[in-house]
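*Asks:* Requesting a structural model of the entry that follows:
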Amino acid sequence: MDKQKIQAHVKGIIDSIGEDSNRAGLKKTPERVAEMYEKVFSAGKKPLKDIFQFTHELEHDEMVIIKDIPFYSLCEHHMMPFFGKCHIGYIPKGNKIIGIGRIAELVHVMSSRLQMQEKLTTEMANMIMNELKPKGVGIVMQARHLCLEMMSKQHTGTEIMTSAVRGLFRSDIKTREEFLNLIK
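*Replies:* Numbering: from 1, shown residues only. Presented below is the predicted three-dimensional model:
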């Protein structure tokens, strides 16, 4: 990450909006923004396949749900935060499960990039299906987008919900309903 380049651009933005980048309250803002970006985006560099290296064998073929996983991301359209909760369920196949902390880590790593909520939801479902090979996976994400709220005060508190269902969660309505009822 080129922190000096970020600082120069942030200084340019401050000056371009009519503020004085040398004003006491703004003088260190470019440096602070560069530090913040380094922290926010650092987890997003982790190889996703590493998360799935730690699977376990366990005779369990019922639904596993990890609910209310907090996430924070930046919208790739406006570079403003969106944040909320993610609910992930999957049905193991062949006695192969993954630690619940690894699912939460997947959410953290994938949301630590410039993102769109719809893309994030879809990519996580595809990643779990491809790497874990479960009988099915369901993901629901609910989030508030500051770009929507700050640019149009009429939408304050609006939640955006996205879902992705694969395998049995898509083909079997009872499986999908069970998942949706359990995450309420």
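
*Asks:* Going by C-alpha atoms from here, please, whenever you check contacts or count neighbours.
*Replies:* Will do.

*Asks:* lowest-pLDDT helix or strand in this structure?
*Replies:* When the helices and strands of the chain are scored by mean pLDDT, DSSP states H and E, strand 55-57 comes last with a mean of 83.

*Asks:* end to end, how far does stretch 74-81 reach?
*Replies:* Stretch 74-81 has its terminal residues 4 Å apart, counting by C-alpha to C-alpha, to the nearest Å.

*Asks:* State the mean pLDDT of that stretch.
*Replies:* For stretch 74-81, mean pLDDT rounds to 94.

*Asks:* still on that earlier bit, now for the least confident helix or strand of the chain, which elements pack on it?
*Replies:* strand 96-98 (3 or more C-alpha pairs under 8 Å, 6 or more residues apart in numbering; DSSP states H and E).

*Asks:* gap between the closest residue in space to residue 68 that isn't next to it in sequence and residue 72?
*Replies:* Leaving aside its chain neighbours, residue 68 sits nearest to residue 85 (5.0 Å; criterion: C-alpha to C-alpha, 6 or more residues apart in numbering). Counting by C-alpha to C-alpha, the gap from residue 85 to residue 72 is 9 Å.

*Asks:* Chain neighbours aside, what residue packs nearest to residue 158?
*Replies:* residue 144 (6.2 Å).

*Asks:* In terms of pLDDT, where does residue 48 sit?
*Replies:* At residue 48, pLDDT is 88.

*Asks:* Would you enumerate the residues in contact with it?
*Replies:* Neighbouring residues of residue 48 by C-alpha atoms under 8 Å, 6 or more residues apart in numbering: 106, 109.

*Asks:* Ok, residue 96 next?
*Replies:* Per C-alpha under 8 Å, 6+ apart, neighbours of residue 96: 55-58, 132, 134.

*Asks:* Ok, residue 31 next?
*Replies:* 3, 7.

*Asks:* how near is residue 130 to residue 70?
*Replies:* Applying C-alpha to C-alpha, the value for residue 130 to residue 70 is 23 Å.

*Asks:* and residue 174, how many residues sit next to it?
*Replies:* 12 (other C-alpha atoms under 10 Å).

*Asks:* Wait, a helix at it?
*Replies:* Yes. Residue state for residue 174 (DSSP: H, G, I helix; E, B strand; the rest coil) corresponds to a helix.
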